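Visitor: give the three-dimensional model of this entry:
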Amino acid sequence: MSGAHGARKKAGQPQQSNMASADPTIVTEVEELFQKRMTFTKPSAEEWRLPDPNDVLSQPRHEHGELQVLKESLNAVKNRLSDQDLSKWHWHTNSTNRAGKVVAAVRSAANAEICTQAWCKFYEILGTFRLLPETAVLSGELNTVHLCEAPGAFVSALNHYTKTSERTRYCDWSWAATTLNPYHEGNAGDATVADDRLIAHTLPWWCFGSDNTGNLMSQRNLLQLRAFVGNMRRVDLVTADGSFDCLDSPDEQEALVASLHYCEATAALLLLGPGGSLVLKMFTLYEHSSVCLLYLLNCCFRSVSVFKPATSKAGNSEVYVVGLGYQNKAEAKPLLEKLIRNYGPSMADREALFPLPLIPASYLQQHRQVCSYFHALQVHTITENLRLFSEMSAEHRQRLELIRDRTAQEYLQRFQVSRLPRGQWLSRSTVSPACFSVSAGGGPAGHKKHMGSFNERRELRALSWRQRMDRGCHATWVRSHCAEASGRDCVLEGPLPDCHVSSWYTIAGAALSAVKSSPFCEGGLLSQLNEGLAQGWVASWDRVPSCGSCQGSCGASTLSEVAPGSKSQARTRCLVVGSRSAWGGPQGHAPAFDVTFSEEPVFPGGGLLALHDGEPGYQRELLLCALASLRSLAPGDALLLPLLSAVTRVTAGLVFCLRASFRSVTFRCPPPSGRVGALLVCSGFCPEAAAPLLPQLEELRDLMGQLAGGPEGPPGPRQQVLQFVPMEDLLGAGLTEFLSAMNSAIVRQKLHLILQAGP
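Guide: Numbering: from 1, shown residues only. Presented below is the predicted three-dimensional model:
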């Protein structure tokens, strides 16, 4: 087995001179940062070969004694961190990270898009390995697929590399990516990367599957991804950067992500063309699942290396498996077909991929060497950080800062990082992303998921929901009574002149069981509300009494805001969706102003709680109400429409349509009716702007009716409309900020009522 080999250094003369005059121990330490690699060496005879597919997934998993000793040893060192405050520990390890200044240096020197640590890691991998096959470069056609890719740093780094490297500058590069859809309400917030700054601008390149979740561990989505990239003549590179949040179970990180790694590897073997390359993020390699997976890759690739980039924090378990020269694809086909039949989220939880007797001893020996090498590196780093956390001398700090400066310089020189003009970025649109900036709307500072030490977080999980709410960062804001209705200062101006309705399309998928996340609501707030609802504190919003100490909207005041001025000659009216009794009648308004009332949308089951406004019946009722209103209004009229919330894309789309049809839209929360939710205040109806929307909304109404079931409903699992206005439109011109502010106010109101009503 070959050990570490650094990439060819391309430093300029000034840098060489500086390094030569430096402390030789610093020079050596910086060089070694870029050489943390182990490459498997295959025996000359064809000893490493794919097992018979009949023997795959047929026997129980094996436990490797020597590897388990390494696992226990590493966990014993990690356990010393259990009492460390996570934020303080992260600050400390960031300050001791030898490559901690690389990201800032690259941002300054390269004008890199989405320049994150992930960007720098992948750029380092590109500069260390010859990932892009020579046949692809010579042909001038390069095709890549990126799995679990959000937020898109690997794609961005590859774009930067191909456009600044002499070798690939003239290649015609095509790419596709998949990831958990940050806009799908059924994807859990703690499993989804809520950073859409690239996705928002490049949606046509992302495949989320027919269920719109983007879940790679769905067999159907895997096969649809293959069809999605079917126009590529061949796939030259697959990257897979997936993981789960394992901070609450750090000792079992490898086992928790094993099935995901199996799915990523299976997808890569299915998609890659002969000679292609694979980059797969893994962690510790102690379990039999990892032993089997790396053996599979060694049987399928000409060369397999395990690499720890210098820009990967040395104290974590992250490594990248790099496979070069995909081969034996035809021979692997029967085994691959069996893997696809067993594909799914429990793929590594069943029988062993390969029985132990079918794995050669020569491979097992090299696998143990790999594990021992990276085990020693990680233990050394954690032990050093613990020692320095207690005390660090000024001399040591000075030496460490010199190493950090040298490492950043070496990175730029070694990988020849060049500046890329903004015009050559992947995203050049002015559309604002939703999830990346969602905390800007309407609420307190963004919720920090992991605070305190591991032991403190474990104690916190043992508390009741109410106790955790009182200790949380939103506690004061939620507990305080509403002094006045919010929303008056949040205004959407309309109508929209460039509403390209003809390009709209409808996305339907499996019916939501709960709304777990939203691009239009701060994630921490929504999670807290869902957790409270799961405790059974509320049976139905219809039966929750309003808080007597909160000051809601005044009906007469709201009506006066939409009344025409005394000089107005047009006789306009205001359509109020709701009961007349809640508004105190239209008395006191100008004679030219008529107020009429209509029945409001039904809230099935009080909103069905965790579905919020995602309940299909409620969405259809709301649509019917909006349609009837838009048909009946005259120029200049006003509309007051109550909403349960607008956390789903469907309801957000309806708000978009109202904004496109009126001169202004604001909201009030709590609404005058006293109901839970908000009131949309739409002023200055523009019939000519609304006219193109009506046919689209009528088609949406018909589709919702079909999906609702009944004799004419489709067979199979229940489906619902997930989106009908393109995300590019929903993300534009301030709508995201408006909806975030409104939903924050609504969720805060709901949490407030739960806490007020409970014991």
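Visitor: which stretches of the stretch 601-750 of the chain form helices?
Guide: For the stretch 601-750 of the chain, applying DSSP state H, counting those that start in this stretch gives helices covering 616-632, 649-661, 687-690, 693-707, 727-730, 735-757.
Visitor: and the nearest residue to Ser418 once chain neighbours are set aside, what does it touch?
Guide: The shortest distance from Ser418 to any residue other than its chain neighbours is 4.1 Å, reached at Thr164 (C-beta to C-beta, 6 or more residues apart in numbering). The way it works is simple: take the backbone N, C-alpha and C, and place the C-beta from them, glycine included. For Thr164, the contacting residues are Val417, Ser418, Arg419, Leu420, taking C-beta atoms under 8 Å, 6 or more residues apart in numbering as the criterion.
Visitor: ok, now with 10 Å
Guide: Ala110, Ala112, Gln416, Val417, Ser418, Arg419, Leu420, Gln424 (C-beta atoms under 10 Å, 6 or more residues apart in numbering).
Visitor: tell me the domain ranges of this protein?
Guide: The record, using automatic domain parsing to delimit domains, assigns the chain the ranges 13-416, 454-563+570-757.
Visitor: determine which of those domains approaches Ser2 most closely.
Guide: When the domains of the chain are ranked by distance to Ser2, counting by C-beta to C-beta, first place goes to domain 13-416 at 4.4 Å.
Visitor: quick revisit: now tabulate the helices of the stretch 601-750 of the chain in CSV and tack on mean pLDDT, mean neighbour count and distance to Pro334.
Guide: Rendered in CSV, the data for the helices of the stretch 601-750 of the chain read as follows (pLDDT from 0 to 100; neighbours: other C-beta atoms under 10 Å; distance: least, C-beta to C-beta, whole Å):
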stretch, mean pLDDT, mean neighbour count, distance to Pro334
helix 616-632, 94, 20, 43
helix 649-661, 97, 26, 42
helix 687-690, 95, 16, 59
helix 693-707, 95, 16, 40
helix 727-730, 92, 20, 41
helix 735-757, 91, 23, 49
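Visitor: and Leu386, which of these is closest to it?
Guide: Between Leu386 and the helices of the stretch 601-750 of the chain, the shortest gap by C-beta to C-beta is with helix 735-757, which sits at 39.5 Å.
Visitor: ok and the closest one relative to helix 649-661, angle-wise?
Guide: Helix 735-757 and helix 649-661 meet at an angle of 120 degrees, taking axes from the mean of the first three to the mean of the last three C-alpha atoms, to 10 degrees as the criterion.
Visitor: with Leu731 as the reference, measure out to His612.
Guide: The gap separating His612 from Leu731 is 20 Å, by C-beta to C-beta, to the nearest Å.
Visitor: over to Cys171?
Guide: On the measure of C-beta to C-beta, Cys171 and Leu731 end up 31 Å apart.
Visitor: which one's more surrounded, these two?
Guide: Shown here are Cys171 and Leu731; by other C-beta atoms under 10 Å, Leu731 has more neighbours (24 against 20).
Visitor: re earlier: of the contacts of Thr164 - the most surrounded one?
Guide: Comparing the contacts of Thr164 on neighbour count, Ala112 comes out first with 24 neighbours (neighbours: other C-beta under 10 Å).
Visitor: list the contacts of that residue.
Guide: Ala112 makes contact with 103, 106, 119-120, 123, 153, 156-157, 159-160, 164, 417, 419-420, 425 under the criterion C-beta under 10 Å, 6+ apart.
Visitor: show me those residues that map onto strands.
Guide: Here DSSP state E is the test, and these give no hits in strands at all.
Visitor: to Met1, which of the domains of the chain lies closest?
Guide: domain 13-416 (4.5 Å).
Visitor: tell me the mean pLDDT for the closest one?
Guide: Mean pLDDT, taken over the full extent of domain 13-416, equals 93.
Visitor: that one: how far from the chain's middle?
Guide: Shown here is domain 13-416, whose average C-alpha point lies 18 Å from the average C-alpha point of the whole chain (C-alpha atoms, centre = their mean, to the nearest Å).
Visitor: could the helices of the stretch 601-750 of the chain go into TSV alongside distance to Leu33?
Guide: Rendered in TSV, the data for those read as follows (distance: least, C-beta to C-beta, whole Å):
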stretch	distance to Leu33
helix 616-632	54
helix 649-661	45
helix 687-690	59
helix 693-707	55
helix 727-730	40
helix 735-757	41
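Visitor: out of the ones you listed, which is closest to Val676?
Guide: Between Val676 and those, the shortest separation by C-beta to C-beta is 6.0 Å, and it involves helix 735-757.
Visitor: which helix or strand contains Cys547?
Guide: Counting by DSSP states H and E, there is no helix or strand that carries Cys547.
Visitor: residues contacting the closest residue in space to it that isn't next to it in sequence?
Guide: Using C-beta to C-beta, 6+ apart and skipping the chain neighbours, the partner closest in space to Cys547 is Gln756 (5.0 Å). If you count contacts by C-beta under 10 Å, 6+ apart, Gln756 has them with Arg479, His481, Val544, Pro545, Ser546, Cys547, Gly548, Ser549, Cys550.
Visitor: please report how far the fifth one lies from Ser664.
Guide: So the one you mean is Ser546. Distance, Ser546 to Ser664, by C-beta to C-beta: 27 Å.
Visitor: one more: Asp52?
Guide: 70 Å.
Visitor: okay, these two: which has more neighbours?
Guide: More neighbours sit around Ser664 than around the other of Asp52 and Ser664, counting by other C-beta under 10 Å; the figures are 16 against 11.
Visitor: give me the nearest residue to that one, chain neighbours excluded.
Guide: Nearest in space to Ser664, with sequence neighbours left out and distances taken as C-beta to C-beta, 6+ apart, is Ser683 at 5.0 Å.
Visitor: which strand residues bridge the nearest residue to Arg675 once chain neighbours are set aside?
Guide: Excluding the flanking residues, the one nearest Arg675 by C-beta to C-beta, 6+ apart is Pro642, at 6.2 Å. Per DSSP bridges, residues listed as beta-bridge partners of Pro642: Leu679.
Visitor: what's near enough to touch Pro642?
Guide: 576-578, 582, 600-601, 603, 622, 625, 668, 671-673, 675-680.
Visitor: among those residues, which are in strands?
Guide: Residues of these located in strands (DSSP E): Val576, Val577, Arg668, Ala678, Leu679, Leu680.
Visitor: now, among these, which is nearest to Met742?
Guide: Distance from Met742 was checked for each of the ones in strands among the contacts of Pro642 by C-beta to C-beta. The minimum falls on Ala678, at 5.4 Å.
Visitor: dump the residue contacts of the closest one.
Guide: 485-487, 553, 641-646, 667-671, 742-743, 745-746, 749.
Visitor: if we go to 8 Å?
Guide: Taking C-beta under 8 Å, 6+ apart, one finds Gly487, Pro642, Leu643, Ser645, Phe667, Arg668, Cys669, Pro670, Pro671, Met742, Ala745, Ile746 in contact with Ala678.
Visitor: and the third one, how many neighbours?
Guide: Which is Leu643. Using other C-beta under 10 Å as the criterion, the residues surrounding Leu643 number 24.
Visitor: show me the contacts for it.
Guide: Contact partners of Leu643, counting by C-beta under 8 Å, 6+ apart, are Asp613, Leu622, Thr651, Val655, Phe667, Gly677, Ala678, Leu679, Leu680, Met742, Ile746.
Visitor: tally up the residues packed near the nearest residue to the second one once chain neighbours are set aside, please.
Guide: Residue nearest to Leu622 in three dimensions, not counting chain neighbours: Pro601, with 4.6 Å by C-beta to C-beta, 6+ apart. As a burial measure, Pro601 scores 22 neighbours (other C-beta under 10 Å).
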